[in-house]
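[1] model this:
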Amino acid sequence: MCAVKYKKRFWTILVLICSAILIVAAGGIGYLVRFSATNDAVCAQCHPELIDLWKNSNGHPAHTTSCFACHSDRFIPPEYSADDSLTSRRCLDCHGEVLELGYSIKKKIVKYNHRIHRQEGLECIDCHRTAGHEYASEGTNRPSVAECILCHIREFDGPPKSQECLNCHDVMLAPGRTWKDD
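    Numbering: from 1, shown residues only. Presented below is the predicted three-dimensional model:
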């Protein structure tokens, strides 16, 4: 009778130990899969030039974000994509306030309404394509005048012929001067 009692206890303890080992092993494997799939070194194998730009950027630098944060839609397994729609959705995860009523641009050089442009079908990436990889040093992440003109050419006669620049700018800049000169 005593041997049967100890046999049951032995098998119960053995099953518990094996279960614990399996759980720890599965967790470790899951961690390794996620780490290897979301590690920026994996991205660097195919995109070394983008990794270098990103690591030196001030927009979304390596010490505050990861490739996975902007270019993946899932936890495990990751589905990486540079797709404009996915990347723009990820932009709005952190910067969704730009679509709210009453949001105003912090630097008052350009009048811009994100909501209207979004309603027109533009993705964040249409104007901010280099946000994570090239946002070099000072200033902002605004698109260049050339990028705006691609869509707004019909509205633009150009200085100094007209004051149409004031449709987009709060101030009229003198030729050769920048808003920083003021």
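[2] chain neighbours aside, what residue packs nearest to His152?
    When the adjacent residues along the chain are set aside, His152 lies closest to Cys168, with 7.8 Å between them (Cβ to Cβ, 6 or more residues apart in numbering). The way it works is simple: take the backbone N, C-alpha and C, and place the C-beta from them, glycine included.
[3] most centrally placed residue in the protein?
    Cys70 (3.5 Å; Cα atoms, centre = their mean).
[4] pull up the per-residue confidence for it.
    pLDDT, Cys70: 84.
[5] give me the element it is part of.
    Element membership for Cys70, per DSSP states H and E: helix 67-71.
[6] what packs against the next helix or strand after that helix?
    Sequence-wise, the next helix or strand downstream of helix 67-71 (DSSP H and E) is helix 84-95. Here helix 84-95 touches helix 67-71, helix 124-127, going by 3 or more Cβ pairs under 8 Å, 6 or more residues apart in numbering; DSSP states H and E.
[7] ok so, going back, surely the residue nearest to the centre of the chain touches Cys91?
    Yes - using Cβ atoms under 8 Å, Cys70 is in contact with Cys91, at 7.5 Å.
[8] neighbours of Glu123, how many?
    Residues contacting Glu123 under the criterion other Cβ atoms under 10 Å number 19.
[9] doesn't Ser85 make contact with it?
    Yes - the pair Glu123 and Ser85 passes the contact test of Cβ under 8 Å, sitting 6.2 Å apart.
[10] okay, now the unreliable bits of the protein?
    Scanning the chain for pLDDT under 70 picks out 1-3, 34-37, 75-79, 107-109, 134-141, 155-167, 169-182.
[11] mind doing that once more with 80?
    Low-confidence segments of the chain (pLDDT under 80): 1-6, 30-39, 56-62, 73-82, 104-112, 129-149, 152-182.
[12] how is it carved up into domains?
    Listed domain ranges for the chain are 1-38, 46-181 (source: automatic domain parsing).
[13] let me know which of these is tucked in deepest.
    Mean neighbour count (mean count of other Cβ atoms under 10 Å) peaks for domain 46-181 among these, with a mean of 13.
[14] what ranges do the helices span in this structure?
    2-38, 40-46, 48-56, 67-71, 84-95, 114-119, 124-127, 145-152 (DSSP state H).
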